[in-house]
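Enquirer: turn this into a model:
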Amino acid sequence: MENVVLIIHLLLALSLIGAVLLQRSEGGGLGMGGGGGAGGRVAGRSSGTAMGKLTWVLAGAFICTSMILTVIAASNSSGASVLDRLTDAPARDEAPLDDGLTAPLAPADGDAPVLPTAD
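Expert: Residues are numbered from 1 along each chain as shown. The predicted structure follows:
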């Protein structure tokens, strides 16, 4: 179920990006500029185009799928902290080798570490 909603969410995101990029720019980015009130436009808002309405529908669907994914993720959570689920890690002065043995990174006496050799 989560994967289906996630795929729909991603398709909505891509469609929303495409719809926004295909819209005609009206020159009043963030409400700045736009010229005077010539032509009887007192309110400053034009009638909604089909592309604008499609963008609003896609945005609403995107928000709905975001909330659904949040609810699904909250129901699937174990309730435990990530720190509680950590396993024992190697000590800071030891590095794991390929064969499972550990060798010190920096020996105490300053000599090079003695590594096991393959016979």
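Enquirer: show me the shaky parts of the chain.
Expert: For the chain, residues meeting the criterion pLDDT under 70 lie at 27-47, 82, 84-85, 87-119.
Enquirer: would you map the helices across it?
Expert: 2-22, 50-76 (DSSP state H).
Enquirer: want to try TSV for these, with distance to Leu86 and mean neighbour count as columns?
Expert: Every C-beta, even on glycine, is put in place using the N, C-alpha and C of the backbone. What follows is the helices of the chain, written out as TSV (distance: least, Cβ to Cβ, whole Å; neighbours: other Cβ atoms under 10 Å):
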stretch	distance to Leu86	mean neighbour count
helix 2-22	25	13
helix 50-76	20	13
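Enquirer: now those in TSV, with distance to Leu83?
Expert: Converted to TSV, the helices of the chain look like this (distance: least, Cβ to Cβ, whole Å):
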stretch	distance to Leu83
helix 2-22	25
helix 50-76	19
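Enquirer: quick one, what contacts the spatially closest residue to Ile8 that is not a sequence neighbour?
Expert: The shortest distance from Ile8 to any non-neighbouring residue, by Cβ to Cβ, 6 or more residues apart in numbering, is to Thr65 (5.8 Å). By Cβ atoms under 8 Å, 6 or more residues apart in numbering, the contact set of Thr65 is Val5, Ile8, His9, Leu12.
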